[in-house]
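Undergrad: Structure, please.
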Amino acid sequence: MSSTSPQALRSPAQIPLRPLGVVSDGDSLRATRIPLVDGRPAVPGGFSPKAFVGEVVPFSVVAFREGHDLIGVQLRLTSPDGEESLHRLSPLLDGTDRWSAEVALDAQGRWTFRFEAFSDDFATWAHAAELKVAAGVDVPVMAALGAELLSRAAAEKDRPLAQRKRLAADSTALLQGDGATTIALSTDAELARVFLERPLTTLRSMSAAHTLLVERTAAGVGAWYEFFPRSEGARRLKDGTIKSGTFRTATKRLPAVAAMGFDVIYLVPIHPIGITNRKGRNNTLTTEPEDPGSPYAIGAVEGGHDAIHPDLGKPTDFRAFVRAARGEGLEVALDLALQASPDHPWVAEHPEWFTTLPDGTVAYAENPPKKYQDIYPLNFDNDPAGIYQEMLRIVQHWVREGVKIFRVDNPHTKPLQFWEWLIATVNAADPDVIFLAEAFTRPAVMRALAAVGFQQSYSYFTWRNTKAELEEFLTTVSQETSDYMRPNLFVNTHDILTEYLQFGGRAAYRIRACIGATAAPVYGVYAGYELFENVARPGSEENIDNEKYEYKLRDWEGAEAAGDSLAPLLRRLNEIRRVHPALRQLRNLSVHWSDDDSVLVYSKHLDAAFTGTGVADTLIVVANVDPHSVRETTVHLDTTIWGVPLGESFEVEDLLTGAVWTWADHNYVRLDAFAEPVHILKVRKRS
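TA: Now for the predicted structure:
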């Protein structure tokens, strides 16, 4: 038997009314008059979403009201200098009640935004009038309602005088109750434009204010090139040993890196390397006197994280290297590896910063099954205040030396709270500093690092190689996480040589470079990629004779002269990236379809309003991701994304070969992995 509360039996007149907006003591109504929910951009956990200068950001919100009256939605955007702008949102018309607009953000700093919804009185009347008058229903009523509405608008003193006069005249015309006049005005495009620019409303709702952090362009756009300074200019002596390269010799490599179109030169750690437990070639525990050791075993008698390895030169040599790089259009990125060799000054000065085992030894680093006997990890639970301040000091030291980009080694092995504090503290003093998270770990951890502040993130890209894997990955990074996580699509690293590259031959190197360079605005390569270095240490995903443990002597010029280098392709890819602004955006990627399980298809489209040329920029990438085959198939495109009706033809130009074809929404392709495995197609402007 159900029970009924006493209040439910009382008449409406007997129920006491509370003030509007109050539900009960201490509670307020959460719904606005016209609900505004699920606003984007947004980040899980309440962290601030991010963008970069020049990024086109989609703002969207779910908005609706009761009944059939129409609404309008707009975005109120406030720039860091306090300038306000209004942007009208359009409904997606997909049944979700989501409204959206794209805005290019042009200033670095914290922006604020909020959504506003309102009853669109003119649109509601025009829609009803068009339907009813055509059906002969309520014709005089619709004319009278229209006259009242236009008269009200004409009375608004802040409308232009000419507009007010026109509205008053139209209101007078409607007073005649004529159906033809009512239809004409309800469908008048110029009149609709007047009310689109300045709506006539009776109800308004406003969302809470949100912040959006806009960082410098390099936080979201860049082509990275990684090298070991000690290998650049290294030479073999008569006794068979190798003399280390220096910053001065490494400087000689910079023009070639810049000529390939890269704009960030990333250096592995440049600090003194410990002697205790030093690793030999191929990560062995046996070393020879000439073995240089891993640069990640940081610290020796010469100093720690604020020192430079004496083989590389002096601080003045490093500064000269930074200046030379800048002169070539390259920005220096430095590896930030917060760990220590057993010989690091920290070990003697701050033993509490490490973990002491029951047998009295200090715990070394592990990433099972890998062991790093030459490295002690920091224990952030012992003297966190001291560790925090020392790490801040280290970063600030290198910022003063001209470094504004840090590739952070294994950030997921340090407390998340530490990174939030460190990045916020550094960026408060210098918002141009960029941190790249090298965290190949669980998705939740990788995303959390991005949410708390990391401007860029390594991703699973290196292990996403099949069509299905890449479709899911590219959709995720361009849509699901793009409000806060910017993927840097490194095709390889000194630690990663995937099976795809090991066994895919040279075609695999071409395919991965093309996808990495076009799918996201940030990508990178590790030196040696252009020489197709694909032999792994048995049982691992690392190069044999790994540069992490020895010097590498390479003949860059000789390989290219012999036609045995990928440098020309990298040069062309970076040139395409510079010319086509669509490739400098993250959120504009759309996955399309093919009939072949190995042919990946996606497009990058940028509307003419954002290109700076007045012409839209659209590229279609078709890639055979099977490096061992020739594929023939049909690709299917949603051409409406770039404004071409389905079935209508258009021209495309292959930016790698120069070939021109006429395409439509269904197209035959043939991709030979051993010749040209990828099309990068520019959609030509239609006449």
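Undergrad: Burial check on residue 496, number of neighbours?
TA: Number of residues near residue 496 (other Cβ atoms under 10 Å) recorded here: 17. Every residue, glycine included, has its C-beta placed from N, CA and C.
Undergrad: let me fix that: residue 611
TA: 16.
Undergrad: if I pick it, what's in contact with it?
TA: By Cβ atoms under 8 Å, 6 or more residues apart in numbering, the residues touching residue 611 are 581-582, 617.
Undergrad: One more pass at 7 Å, please.
TA: The neighbourhood of residue 611, defined by Cβ atoms under 7 Å, 6 or more residues apart in numbering, consists of 581, 617.
Undergrad: same question, residue 629
TA: residue 673.
Undergrad: what's the distance between it and residue 500?
TA: If you measure residue 629 against residue 500 using Cβ to Cβ, to the nearest Å, the figure is 14 Å.
Undergrad: again, but for residue 238
TA: 41 Å.
Undergrad: Tell me which of these two has more neighbours.
TA: The neighbour count for residue 238 versus residue 500, taken as other Cβ under 10 Å, is higher for residue 500 (19 against 5).
Undergrad: Give me the helices and strands touching the helix or strand containing that one, please.
TA: Per DSSP states H and E: residue 500 is located in helix 499-503. Where contact means 3 or more Cβ pairs under 7 Å, 6 or more residues apart in numbering; DSSP states H and E, helix 499-503 is packed against helix 505-519.
Undergrad: Distance from the chain centre to the helix it packs on, please.
TA: Centroid separation for helix 505-519 versus its chain: 19 Å, with Cα atoms, centre = their mean, to the nearest Å.
Undergrad: show me where pLDDT drops low in the stretch 101-250 of the chain?
TA: Nowhere does the stretch 101-250 of the chain drop to pLDDT under 70.
Undergrad: ok, which stretches of it are helices?
TA: 121-135, 139-154, 161-174, 179-186, 189-197, 247-251 (DSSP state H, counting those that start in this stretch).
Undergrad: So which of those helices is the most surrounded?
TA: helix 247-251 (a mean of 22; mean count of other Cβ atoms under 10 Å).
Undergrad: Enumerate every residue touching the residue lying closest to residue 415 once chain neighbours are set aside.
TA: Spatial nearest neighbour of residue 415, chain neighbours left out: residue 380 (5.1 Å); criterion: Cβ to Cβ, 6 or more residues apart in numbering. Residue 380 makes contacts with 387, 414-415, 418, as judged by Cβ under 7 Å, 6+ apart.
Undergrad: Redo those as TSV? Include secondary structure.
TA: Below are the contacts of residue 380 laid out as TSV (DSSP: H, G, I helix; E, B strand; the rest coil):
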residue	secondary structure
387	helix
414	coil
415	coil
418	helix
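Undergrad: Just the buried residues of those.
TA: 387, 414, 418 (16 or more other Cβ atoms under 10 Å).
Undergrad: And these, which is closest to residue 233?
TA: Nearest to residue 233, judged by Cβ to Cβ, of those is residue 414 at 33.8 Å.
Undergrad: Residue 338 is in contact with the closest one, correct?
TA: Yes. Using Cβ atoms under 7 Å, residue 414 is in contact with residue 338, at 6.4 Å.
Undergrad: Quick check: residue 558 vs residue 532, distance?
TA: 14 Å.
Undergrad: One more: residue 52?
TA: 33 Å.
Undergrad: which one of these two has more residues nearby?
TA: residue 52 (25 against 17).
Undergrad: Next up, phi/psi of the spatially closest residue to that one that is not a sequence neighbour, please.
TA: Closest residue in space to residue 52, ignoring its immediate chain neighbours: residue 220 at 3.4 Å, by Cβ to Cβ, 6+ apart. In terms of degrees, to the nearest 10, the main-chain angles of residue 220 are phi -130, psi -10.
Undergrad: so residue 220 touches residue 55, yeah?
TA: Yes. The pair residue 220 and residue 55 passes the contact test of Cβ under 7 Å, sitting 6.0 Å apart.
Undergrad: In terms of helices and strands, where is residue 391?
TA: Counting by DSSP H and E, residue 391 is part of helix 384-400.
Undergrad: Show me the contact partners of that helix.
TA: Counting by Cβ under 7 Å, 6+ apart, 305-306, 334, 336, 338, 350, 353, 378, 380, 406, 418, 421-422, 425-426, 430, 433 sit against helix 384-400.
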